[in-house]
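> Could you look at this predicted model? Sequence included:
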Amino acid sequence: AQTRPQLLMIGPLSPSLTERIAEQYDIHRYWELADADAWLGEHAGRIDGIATSGVFGAKAELIEALPNLKAIISFGVGYDAIDVDAANKRGVTVTNTPGVLDNCVADTAVSILLALGRRICEADRFVRAGEWQKNRFPLSGSIGGKVCGIVGMGNIGRAIAQRVEAFGMTVAYHNRRRRDDVDYTYHETLESLLQACDYAVVVVPGGSSTDKLIGAEQLKALGSKGYLVNIARGSVVDEPALVEALQNGTIAGAALDVFADEPNVPAALLALDNVVLTPHIGSGTHETRQAMADLFFANLDGVFKHGKAVTPV
Ligand code: 8YV
């Protein structure tokens, strides 16, 4: 009888997705291996595929250690933690789950932008602390009439742009190249956009080309009335520089769904009032995670049952 494809799962995916995979594939839980090197020494040749996510990734060293690896199937749109070059060198297919989470991630980005700008989280703490009995909560700035600068006008960036326009914001953007299917103001340089906007929303892919894209110089360009929203990857922002800029008023505030060393968040950020912090919940709804799981599975079966991936990177 034909043996079931053997998958090395890098980190725990959702129980429902894992159960669904286990119906037709054999799963080896990499993160539970007491001695991964010893296990690979004995079993590497058996592994047909890697199951992973945008967070767990797959390093070159592991990809190169699996001689019969055919595909890396990833849950999530970001694949910066997967060494795609190492995979391509071996003719290993890499798939992600694009498109199905664009609106959800855009909703999250706008939610934390609004919470930041209108000081919603501070107001909640104010009421819970009984401060309202003693003081009036301070006014915030309006959202409407402000400029939202999208750093990375991909599909998620465009979904964010459509949303913030409904709140009366003007949209501008910086991209490696101008898009001919949007008519928002285009800035050739990141600095020019940051100088021109009130809210900078970072939504570029993670990876070496965007590592610390937003540093002390960029935060200075955003300015003391400017706000930073990061819905991309923690790696895209120089986190120590951001902390310093927030502490000394170089920028007015930040809303962060991603961090340099998740799930660890610097204590200095936790101590600040002018920051909104969320635990990487960009795509975190039942419906979106179900759609991502369905696309993950379509890719898995696409490669191992039909010989063709649905959404190869
Ligand atoms: C998580 C994301 O990675 O899609 C992405 O790239 O950042 C998120 O959706 C995904 O949920 C896996 O944890």
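Arrived safely, thanks for sending. Note that the structure is a prediction, hence the values are computed from the model and not measured.

> contacts, neighbours, all on C-alpha from now
Fine.

> Would you mind confirming that P67 makes contact with G45?
Yes: counting by C-alpha atoms under 8 Å, P67 does reach G45; the two are 5.7 Å apart.

> Could you report the pLDDT at the closest residue to G91 other than its chain neighbours?
Using C-alpha to C-alpha, 6 or more residues apart in numbering and skipping residues adjacent in sequence, the residue nearest G91 is K70, 7.6 Å away. In this model, K70 is scored at 98, pLDDT.

> Give the buried residues for stretch 36-55.
Going by neighbour count (16 or more other C-alpha atoms under 10 Å), the buried part of stretch 36-55 is L40, A44, R46, I47, D48, G49, I50, A51, T52, S53, G54, V55.

> now swap in stretch 285-296 and tell me
T288, R289, A291, M292, A293, D294, L295, F296.

> Looking at those residues, which is nearest Y184?
T288 (27.7 Å; C-alpha to C-alpha).

> Look up how far G282 lies from that closest one.
10 Å (C-alpha to C-alpha, to the nearest Å).

> quick revisit: can I assume the residue nearest to G91 is in contact with T93?
Yes: using C-alpha under 8 Å, K70 is in contact with T93, at 6.4 Å.

> what residues are up against the closest residue to I281 other than its chain neighbours?
In space, and not counting its chain neighbours, I281 is closest to D257: 6.7 Å by C-alpha to C-alpha, 6+ apart. Neighbouring residues of D257 by C-alpha atoms under 8 Å, 6 or more residues apart in numbering: N230, I231, A232, L277, T278, P279, H280, I281, G282.

> Among these, which pair sits farthest apart?
Greatest spatial distance among the contacts of D257 (C-alpha to C-alpha): A232 and L277, at 13.6 Å.

> more crowded one of these two?
A232 (26 against 18; other C-alpha atoms under 10 Å).

> Now do the same for the more buried one: helix, strand or coil?
coil (DSSP: H, G, I helix; E, B strand; the rest coil).

> For the residue lying closest to A65 once chain neighbours are set aside, which residues are in contact?
Counting by C-alpha to C-alpha, 6+ apart, A44 is the residue found nearest to A65 once chain neighbours are left out, at 6.7 Å. Each residue near A44 by C-alpha under 8 Å, 6+ apart is listed here: A65, L66, P67.

> Counting neighbours, which of those residues comes out on top?
Counting neighbours by other C-alpha under 10 Å, L66 leads the contacts of A44 with 20 neighbours.

> quick one: that residue and G45 touch, right?
Yes: the pair L66 / G45 is scored as a contact, 6.0 Å apart, by C-alpha under 8 Å.
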